[in-house]
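next input, structure requested:
(one chain, ligands or ions: 1)
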Amino acid sequence: TAGAGLRIVDIDAEGVNIAFREDVVKGLAETQKAIPARWFYDLRGSQLFEEITRLPEYYPTRTETALLRDNGPEIAKMAGPDRTVVELGSGSSVKTPLLLSAIAPRAYVPIDISGEFLRQSSRDLAEKFPGLPVIPVEADFMRKVDLPPRLIGESLLGFFPGSTIGNFVPHTAIDLLRSMRNTLGRNAQLLIGIDRIKQVDRLLDAYDDAEGVTAAFNLNLLHRINRELGADIPVDQFRHVARWNEGWSRIEMHLEAVKDVRFSLCGRSFSMRAGETIHTENSHKYSPRQAILLLHASGWSPLVRWTDDQDDFLLFLAEA
Ligand code: AVJ
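Numbers count the residues shown, from 1 in each chain. Model prediction:
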């Protein structure tokens, strides 16, 4: 059974998402224009991301799914009986059921800031796993979350798949992992997926696919800004760019103006020169040693590490 939950998004009198507007107005005023990657995921953006996960070039999702499927019994053995799974994010329709079938937890607690998606996926899961208590928590997992009182004293297993940790620069990633440790408490474990450093051309292909789905995903952000914030950005004068940043060991996505452009947004005018970009996403990649350091630096001790035959992706089980 899935609990009801509550929707908390700050909108103004015209129905505009205030946090979205603030991030966009502030981000476009910076020297290197930048908009946080979390704003990709409106309905269309979420659909495009689902499409990305099925692309031949985008290896992370299918590799991590196979790791979860192949190592389910070992994960279950290490986790022990009577765990409660706390997922950071609403959960994927494929990976979450794999984990829940493998370890048969006492309860499943997805934490997400996007209430609508959270409630829908909670309902779907509750249907798939009759008898499993599903307790959605609408919250920002970047902060310490107060878990429902019934979870106090339970032994929790945090689940943070998809290499979402890669969206954060290392110092923020460490803040996030430490705050997860505070949220999950003393006997907690963490099951986390982290994408590996690999040949740069494979990384670039994964973030700039032949079909142009990733380009559409990136450009959808501009359509969203036009629609939701009443802007007039000439979307056809921008192109999708994926770059490898060696110093930061990350893929960056940008939206590049192909000619000089002007547009207005919330009563402000902006101009960009040809070649200037809006930085829209970071996707940090780690070697196994760097990933282990990231976990240790956040107070998590790695217990087991799984990887695939191609050395593409890492799955760690760690303990608090
Ligand atoms: C869901 C954030 C992990 O960085 O690989 C996919 C998002 N961006 N293609 C990633 C994404 C472009 C994805 N994460």
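
what about residue 314, helix or strand, and which?
strand 313-319 (DSSP states H and E).

show me what that strand is packed against.
helix 59-70, helix 72-79, strand 189-195, helix 288-297, strand 301-307 (3 or more Cβ pairs under 8 Å, 6 or more residues apart in numbering; DSSP states H and E). Every residue, glycine included, has its C-beta placed from N, CA and C.

okay if I get these as TSV plus mean pLDDT?
As requested, the helices and strands packed on strand 313-319 are exported to TSV (pLDDT from 0 to 100):
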stretch	mean pLDDT
helix 59-70	98
helix 72-79	97
strand 189-195	98
helix 288-297	98
strand 301-307	98
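
any idea whether the residue of the chain found nearest the ligand is helix, strand or coil?
In the chain, the residue that lies nearest the ligand is residue 283 (3.5 Å; Cβ to the nearest ligand atom). Using DSSP: H, G, I helix; E, B strand; the rest coil, the secondary structure recorded for residue 283 is strand.

so it touches residue 167, yeah?
Yes. Using Cβ atoms under 8 Å, residue 283 makes contact with residue 167 at a distance of 6.5 Å.

do a quick rundown of the helices in the stretch 1-150 of the chain.
18-29, 43-53, 59-70, 72-79, 95-103, 115-128 (DSSP state H, counting those that start in this stretch).

in TSV, list the ones you listed along with mean neighbour count.
Compiled in TSV, the helices of the stretch 1-150 of the chain are given as follows (neighbours: other Cβ atoms under 10 Å):
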stretch	mean neighbour count
helix 18-29	16
helix 43-53	16
helix 59-70	19
helix 72-79	16
helix 95-103	20
helix 115-128	18
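
out of those helices, which gets nearest to residue 189?
With respect to residue 189, and counting by Cβ to Cβ, the nearest of the helices of the stretch 1-150 of the chain is helix 72-79 at 6.2 Å.

now do the closest one against helix 95-103, angle only.
Interaxial angle of helix 72-79 relative to helix 95-103 (axes from the mean of the first three to the mean of the last three Cα atoms, to 10 degrees): 70 degrees.

and for helix 72-79, what are the contacting residues?
68, 98-99, 101-104, 157, 189, 191, 303-304, 317 (Cβ atoms under 8 Å, 6 or more residues apart in numbering).

now do the contacts for residue 207.
Residue 207 makes contact with 214, 242, 251, 253, 283, according to Cβ under 8 Å, 6+ apart.

in strands, which of those appear?
242, 251, 253, 283 (DSSP state E).

ok, and the most crowded of the residues you listed?
Of all the ones in strands among the contacts of residue 207, residue 253 has the most neighbours under the rule other Cβ atoms under 10 Å, reaching 24 neighbours.

save the helices and strands packed on strand 313-319 as JSON lines, and put in distance to the ligand too.
Formatted as JSON lines, the helices and strands packed on strand 313-319 follow (distance: least, Cβ to the nearest ligand atom, whole Å):
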{"stretch": "helix 59-70", "distance to the ligand": "6"}
{"stretch": "helix 72-79", "distance to the ligand": "20"}
{"stretch": "strand 189-195", "distance to the ligand": "7"}
{"stretch": "helix 288-297", "distance to the ligand": "15"}
{"stretch": "strand 301-307", "distance to the ligand": "17"}
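
and the stretch 151-300 of the chain, which of its residues are near the ligand?
162, 163, 164, 166, 167, 207, 214, 281, 283 (Cβ under 6 Å from any ligand atom).

quick check on these: which are buried?
Among these, the ones that count as buried by 16 or more other Cβ atoms under 10 Å are 162, 163, 164, 166, 167, 207, 214, 281, 283.

what mean pLDDT does the longest helix that the chain contains get?
Scanning the chain for the helix with the most residues, using DSSP state H, yields helix 213-229. Averaging pLDDT along helix 213-229 gives 98.

next one: that helix to chain centre, how far?
Distance of helix 213-229 from its chain centroid, counting by Cα atoms, centre = their mean, to the nearest Å, is 18 Å.

with stretch 142-157 instead?
Computed by Cα atoms, centre = their mean, the chain-centroid distance of stretch 142-157 equals 20 Å.

span of it from start to end?
One end of stretch 142-157 sits 17 Å from the other (Cα to Cα, to the nearest Å).
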